[in-house]
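>>> no sequence on hand, only this structure:
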């Protein structure tokens with residue numbers, strides 16, 4: 001056929017095998033099968049529950065039981081996260097975070113107050129010890 005001869009004229013080409021054009025009944029088979037691809041947004045990272053921080057606040061810095069409350073809210077946040085309620089887990093985790101921050105700030109302020117009182121009390125205690133050595137115990141100044 002003329003088409004086969006034209007294809008064999010290209011330099012370096014392999015002659016193509018003869019073919020028959022498809023009829024009308026095979027028209028639907030020429031289209032590739034269509035597929036629907038659903039693209040989902042990437043999953044958001046799960047909300048943080050701040051459990052380790054709350055545990056440290058409850059064990060080492062439980063000012064006004066705020067560390068214990070933070071631990072309770074952290075456990076609630078973890079439970080909500082395991083159930084798939086990410087908005088509830090985010091809410092409880094946020095509350096635990098703010099309770100931990102409040103506990104940390106209160107502990108820093110109380111530590112500074114304790115050191116200041118200890119420093120001023122040490123001066124007074126040193127004077128009392130010095131006076132008791134001079135006059136004897138329970139004598140007091142005369």
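Thanks, I have it. Just so we're clear, the structure is a prediction, and the values are computed from it rather than from any experiment. Numbering: from 1, shown residues only.
>>> point to the residue nearest the middle of this structure.
Centroid-nearest residue in the chain: residue 48, 3.8 Å away (criterion: CA atoms, centre = their mean).
>>> what helix or strand is that one on?
Secondary structure from DSSP states H and E places residue 48 outside every helix and strand.
>>> ok, it touching residue 94?
No - in this structure residue 48 lies outside contact range of residue 94 using CB atoms under 8 Å: 9.0 Å. C-beta coordinates here come from the backbone N, C-alpha and C atoms, glycine included.
>>> just to revisit the earlier point, what sits against the nearest residue to the residue nearest to the centre of the chain once chain neighbours are set aside?
For residue 48, ignoring the flanking residues on the chain, the nearest one in space by CB to CB, 6 or more residues apart in numbering is residue 93 at 5.4 Å. Taking CB atoms under 8 Å, 6 or more residues apart in numbering, we find residue 93 in contact with 47, 48, 49, 50, 73, 74, 77.
>>> okay if I get those residues as CSV plus distance to residue 118?
CSV is the format used below for those (distance: CB to CB, whole Å):
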residue, distance to residue 118
47, 41
48, 37
49, 37
50, 32
73, 33
74, 33
77, 38
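>>> just the closest of these to residue 112, please.
residue 50 (24.5 Å; CB to CB).
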